[in-house]
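Novice: any chance you could fold what I've pasted below:
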Amino acid sequence: MCSVQAAVAGLQIATTVQDYRSKRAVAKSQQKANAQTRKNSDQAYLDDLSKIDREAVSASREKKAEDFRISQEANKKEAQALNMNAGNGVKIVQDIAGTYDLQFLDVARDYETDVIKLMGQEDEAYAAQQRRYNSIKPVTMPSKTGMFLQVATQATQGYQNHQDAMKPKTTG
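Specialist: From the prediction side, this is the model:
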């Protein structure tokens, strides 16, 4: 009977140690998965920022091209009107300049709208990264102290069961 009690205590202790090792292995693999998730999230954030930067460059390029096109068109109309000797040169220049100043303002407004939109996209990209980070569940490693206490408790119970089994039985 003593050997059965010792075997049961030994199995309980072995099970506790194996359970600890198993939980530790799961926790370590989850830590690795979390690190990979963070790495992927960082890469996605950098990709988003890169895309936003490309869009900003494109918007700036479009603005410059449109500004140039408008100024060239204004110069062309001004030159045509002056070459045709169609009235007061100052008034012609003022009229054409006023018309094209409004176009410049429209282009500037559109560009500012694009820039504000891109700034909003940067905020959204950062918020998306934060949501991904916040969705990562924290990993709790199993307690080595808890395992030792459980092993000690099981060993004590095994010893107590052995002592109880060794006492002579009284009949009454």
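
Novice: and stretch 14-32, what's buried?
Specialist: Residues 16, 20, 30 are the ones in stretch 14-32 that count as buried (16 or more other C-beta atoms under 10 Å). (Each C-beta comes from the backbone N, C-alpha and C, glycine too.)

Novice: and the first one, what element?
Specialist: Going back to what we said before, that points to Thr16. If you go by DSSP states H and E, Thr16 is part of helix 2-83.

Novice: check which element follows that helix along the chain.
Specialist: Heading C-terminal from helix 2-83, the first helix or strand you meet, by DSSP H and E, is helix 89-134.

Novice: which other helices and strands does that next one contact?
Specialist: helix 2-83 (3 or more C-beta pairs under 8 Å, 6 or more residues apart in numbering; DSSP states H and E).

Novice: now the helix it packs on against helix 89-134, angle please.
Specialist: Per axes from the mean of the first three to the mean of the last three C-alpha atoms, to 10 degrees, the angle that helix 2-83 makes with helix 89-134 is 180 degrees.

Novice: does Pro142 sit in a helix, a strand or a coil?
Specialist: Under DSSP: H, G, I helix; E, B strand; the rest coil, the three-state class of Pro142 is coil.

Novice: for it, give its distance to Gln12.
Specialist: Per C-beta to C-beta, to the nearest Å, Pro142 is found 17 Å from Gln12.
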